[in-house]
Structures are given as structure tokens and as C-alpha cells.
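Colleague: sequence and computational prediction follow.
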Amino acid sequence: MHRLPLLIACVLAVSLALGGSAGAGSAELSCGVPEAQPVWIDFADSSVAFWRERFARPGVVVATNGPELAEEARAAGAATVHWDMHLRRRVGTPPVPADPGLIEQRADSLFDNAVSVTGCARPLIALNELSGAWSPTPLTETIERYRANVLRFVSRLAERGGRPALLVAGKPFTGGDAAAWWRSVGQISDLVLENYPDANVVWRQGPIDGSRQLRMRYRRRAAGLLAVGVPPSRIGLMIGFQTGLGSGGREGLKPRSRWFEVAKLQALAARQVAREFKLAHIWSWGWAMRNERSNDPDKTFAACVWLWARDEGLCDAPGLLGREFDADRRAGQIDLPAGVRCVYGRSEMTAASVAGLAKVTGDRELALTALVARAIERERTHVRGHETLAAERRIVAARFGGSQAAYESALAQAGASISVARGIIGDELRRHEILSRDSTTPPSSADVDRFRATYAQVLARRVIVSPAPSWLPEGSGVVLATSAPPSVFRLPTGRAATVRTAEGRFTVRALDVPEALGAIQVALARPAIARELVAERGAEAYAAWTLQKQRGAESRLVCERDRLPEAGVVTLSSFVPFLALDEGEAAGWATSRVP
């Protein structure tokens, strides 16, 4: 039976009853709490043995349920908000929801207690915690009643002038009819998303990958609520520092210096995402030391790192920990100069360079992938600027009759500037260098026969070439139209002629007329076919190589909002074929220009 209409009716009733009260309740965060977002809020109760040492100071907001602790914290300069540990006692649980008739009374009691603890007439009240956030629709009758209780409870707190902050464990299910409930709760209460990754996993990933995964995790949680209309000013992130095994947090990570590094990365990642989305607050939790499971003497030092990472004035982590702590605040962070899309090592992929190349590819993401691959290949090759310019001159001479104007006109038609063209030529040179390093197994007789049968109609010709080019390294023999310059097949038989290519100038003498590959004796054609097969295998090996290097480079690649490009094989010369160093690739363009 579909029971969501009951919840929707409750939502509408609450909205009408609140009128302007919900808006008034969201006007300020809480007494003494900074208005600048995100606000950092740290949990402390009497079990947090080090709370005075770490949290009782100006610039810190303490979430607590202890009146004496709160008063002492405020006397030390901290702000306070109320923390209610037992929401289940107020509203029940999804299997056993509380009597709806008791909800308002319990909310009033909690509100009065929160005012007493915080000394604030309009307190922020953290509610630990919503159960069954992940439950898909349609909801069971008991879950529906439980959520109606929660909605009424936070609404009553808002009516009294409080600002409820509902802690949410797990990934909220916001699909279908559930979206209306989340949207309505988000108009009345803050929603604090709990995020407790395993510190061991973050550490193993390193500062770049680890930070990226933390940011992506935080973004995914917030994005689900934002997508259904919950305002960002109503969303917070809860970061866990618990040490009991199986609950996220430290999870036994040793030595402790590694945990401190993860604490730093968590603070920086949470701040980045909160700023991007303009989220309301960032909370820390897990500092309690109530039993053997949670009694971790390193928590006080992790708390110092957590404070230092967001504000160096809150705790001197480098001074306290010395060599145990890496004070680098930039590693793994998105700290890109204005106008830069990604950085790989020392190579910057600017928004302008991506846009310029996208005029050729027609796709910005494809252009970014190509630029990242270029940066990776530059580290592994030795192509110099003068080599690129020399290759460009050969291309102009061979394919444009030496006319720079004709060359630039063709570039303009392809959407490429001179700098973009030289980048593509450099890519070609680097690819050839990489290919030259690979050795491939000679093709078998069966491979040769299959190629000959498949490409029987391809033009072939027996020639002598001086000096020996890449497309006929032996200097004499059969060449194929799939790799030799088209002009070779237009030369008169028996007469030497000069042929210009992107590789250089050659003297070519044709020994026979052009004919189909299938008509040439296998013995004569075999070397040419073998070259084609080796070239095919080289291209496959290059594709595998560049994909592997691109994926491996992600640990050094930093991109705006972590929007990394897809790994891929992008041959930019396919968009501008007259820039290809491979004569077969350029042949189609060259043929189209022949009158």
C-alpha cells in the first residue's frame, strides 16, 4: 500500500502552520556563533578528556549537552551549541515510532534544555541522529510514521525559535516521493551528513588521490540533497575521528603520524567542498573517550591538527608534533591559479588552451584529455621546439607548396591557430619517438596472407627511394598507398623525381606502374605488408601505453573541482590531417586537393 500521501499531507500542514517562523529560525545560526560560512563546530562532552586544552578558546564552536562544560567553554572564549545525543528517545525508531501525541511536549522539553545549556534564546540544536535515511520508497507504515514524527519534532523546535540540525547517517535516499520529505525537512532543519571514511584507505591513496576521493565523497553526499531542493545554507558535513574498529575514522592506522596526515586532509577537503557549495557548517565528532574501544591518547593531537588545518592560530600542530607532522597544506589541494583548468606536475592546462583546442575537436573534454596526454608524454620524450618548427616547415613545403598563407588558411578552416598546430605537430613527433622504442613480434605468414586478402585492392608500387624514408626503410621495394605519399603513385615509370613529405625531401624512381596489392607476387609484397602490420601493432601498443600512463597520472593531476578528464587516445591529427607526419593519414586530405 502506498502511504507517501500521509507524509506529504504532514509536510503541507507543517508548512502552513509555521508561516514565517521557519524563516525567522534560519535568520541566524546561533548566539555567539560566527555568521560566516562554513562554521566549524566540534563535539565535546565530559568524556573528551582534552576538550579544555583544544576546544576551550576563541574561534571554536563547541557542541555539547553539559551546562557546566558549555559555561566554562564560553568563559574561555568559545561559542556553544546544544548537542542532543538521543533523538530516538524523542521520536522513536523506524520499526517503533513514538506516540505522535508526545512529540511537541518532548520538543519543548529539549528546547528549554538547549536554551539552558547554551545560554542562547535561539539555540542551534544538533539531533543525533536520523535513522533509516537510506530507506527507499515506498516506505513502510512505521517508517512513514517515524518520519512524520521527525518532521513534527524539528518543526516544533523551529517554532520555538531554535535551529535544529538533524544528523544523517548513511547516504540519503532522495528518489521518487522521498524527495518531498527531504525538501520539507531542509526548509526547517539543517541536515548534517555524516562521513566516516577509513583513514587507512585515505592514507594509502596519498595526498592527491586521497584528498580527491574525500572531496568527491563529500560532494556526492551534499549533491543528493541539493538536487531535490534543499538549500546549501541548510547542509553541513560531519567528519568522524572515532577510533573503534569497524566504524570508520582511524581504524587502527599506524604510526599515528599517518592519522594526523589524514586529519589534515579531511579538514582541507571539507573546507574546499563547503566553499564550493556554500554549505552551512562542518562538524567534528568521535573525540569521546568513554571506554577501552574509544580511549585513544592520540585524539588530542589529531584534534590539534584538525584545528590547525582550518586556522593555524587555533593550535600549533607543527610545533607540538615536530617531525611527526607534515605541515604542507598544499599537497593534494585544488590551489589553481585563475584561468587554469588542470595542473600536471609543472604543466598547466589553462581554460584558454582547452577552449583553443576545442575549436578543433569540437569538444572541451576531448581537448582536455589530449592536453593531459601531451603533458604526460612530454615528461617521457625529448622533442624540442626547434624540431617542431622544422617539421612544420617541411609540412608547409610538402603540402602547401611552401606557401605560409595557404597553410594558415587551411589552419583557419580547421579552427586551429598556429600555436595549436605546433602543439599537434609536437604530439606527432612524440608519438613517433614512443613508437620507435617498441619492438613488436614479426607477423606470421598467416597474418600476411590475411592482410593481402583484405586489402587486395590497395594500390602498390615498386620503387627506389633515396635517402631511405620511414615508409620504405630498405630504400627499395614495394610501397602501399596506406603509408606512402600519394604523389609516389602518380610518378611516371622509370624516371627519378623529387617528392616532398612531412619527413623531408626524397628522390623517388618508380620501377613499375601502380597496381593492386592482390596482383603483386607475395614474395615482393611481403616486406610492405609486414611493415603495415608492425605499424598496426605499434599503434595498438601506443594506445595501451598512453591509457596506462593517463590512469597512473591521476595521482599527480589536479583539476578544478576534481573534474578529471576521461582517459582516452586522442589523435589530434585526425581532426587536422595535413599536420599528420604519417603520409597515409594525410593521404585523404592530399587527394582531395588534387584537381
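Modeller: Right, received. Where do you want to start?

Colleague: distance of the residue sitting furthest away from the middle of the chain relative to Gly475?
Modeller: Using C-alpha atoms, centre = their mean, the residue of the chain lying farthest from its centre is Gly494. It sits 60.9 Å away. Computed as C-beta to C-beta, to the nearest Å, the Gly494 to Gly475 distance reads 17 Å. C-beta: built from backbone N, CA, C; applies to glycine.

Colleague: and for Gln37, the neighbour number?
Modeller: By other C-beta atoms under 10 Å, the residues close to Gln37 number 16.

Colleague: tell me if I'm right that Ser476 and Ile464 touch.
Modeller: Yes - counting by C-beta atoms under 8 Å, Ile464 is a contact partner of Ser476 at 4.4 Å.

Colleague: what's the overlap in contacts for these two?
Modeller: Shared contacts of Ser476 and Ile464 (C-beta atoms under 8 Å, 6 or more residues apart in numbering): none.

Colleague: which ones are touching Ala73?
Modeller: Residues near Ala73 by C-beta under 8 Å, 6+ apart: Ala44, Trp51, Phe55, Ala56, Val60, Val62, Thr64, Thr80.

Colleague: and the pLDDT for it?
Modeller: pLDDT recorded at Ala73 is 97.

Colleague: and the gap between it and Phe43?
Modeller: 12 Å.

Colleague: report the set of residues contacting both of these two.
Modeller: With C-beta under 8 Å, 6+ apart as the test, Ala73 and Phe43 both reach Val62, Thr64.

Colleague: ok so, going back, make sure the residue farthest from the centre of the chain is actually in contact with Asp512.
Modeller: No - using C-beta under 8 Å as the test, Gly494 is too far from Asp512 to be in contact (9.3 Å).

Colleague: C-terminal to the lowest-mean-pLDDT helix or strand in the chain, what's the next element?
Modeller: Lowest by mean pLDDT, DSSP states H and E among the helices and strands of the chain is helix 21-25, with a mean of 33. Per DSSP states H and E, the first helix or strand lying C-terminal to helix 21-25 is strand 39-43.

Colleague: excluding its backbone neighbours, what's nearest Ser46?
Modeller: Leaving out its chain neighbours, the residue that sits closest to Ser46 by C-beta to C-beta, 6 or more residues apart in numbering is Gly66, at 5.9 Å.

Colleague: hey, C-alpha coordinates of stretch 44-57 in CSV?
Modeller: The C-alpha trace of stretch 44-57 is given here as CSV (Å, rounded to 0.1, in the frame of the first residue of the first chain):
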residue,chain,number,x,y,z
ALA,A,44,32.7,17.7,23.3
ASP,A,45,31.3,16.3,26.5
SER,A,46,32.8,15.3,29.8
SER,A,47,34.3,12.2,28.2
VAL,A,48,36.5,14.3,25.9
ALA,A,49,39.4,14.5,28.3
PHE,A,50,41.3,17.1,26.3
TRP,A,51,38.4,19.5,25.5
ARG,A,52,39.8,22.3,27.6
GLU,A,53,43.2,22.1,26.1
ARG,A,54,41.9,22.0,22.5
PHE,A,55,38.4,23.5,22.2
ALA,A,56,38.0,26.0,25.0
ARG,A,57,39.3,29.0,23.1
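
Colleague: contact partners of it?
Modeller: Residues outside stretch 44-57 that contact it (C-beta under 8 Å, 6+ apart) are 42, 60, 62-66, 69, 72-73, 76-78, 83, 287-290, 294, 299-300, 303-304, 307, 314-315.

Colleague: just the buried ones among the residues you listed, please.
Modeller: 42, 60, 62-66, 69, 72-73, 78, 83, 287-289, 294, 299-300, 303-304, 307, 314-315 (16 or more other C-beta atoms under 10 Å).

Colleague: how far does the longest helix seen in the chain sit from the chain's center?
Modeller: Secondary structure of the chain per DSSP state H: the longest helix is helix 522-552. How far helix 522-552 lies from its chain's middle: 32 Å, per C-alpha atoms, centre = their mean, to the nearest Å.

Colleague: fine by me, thanks again.
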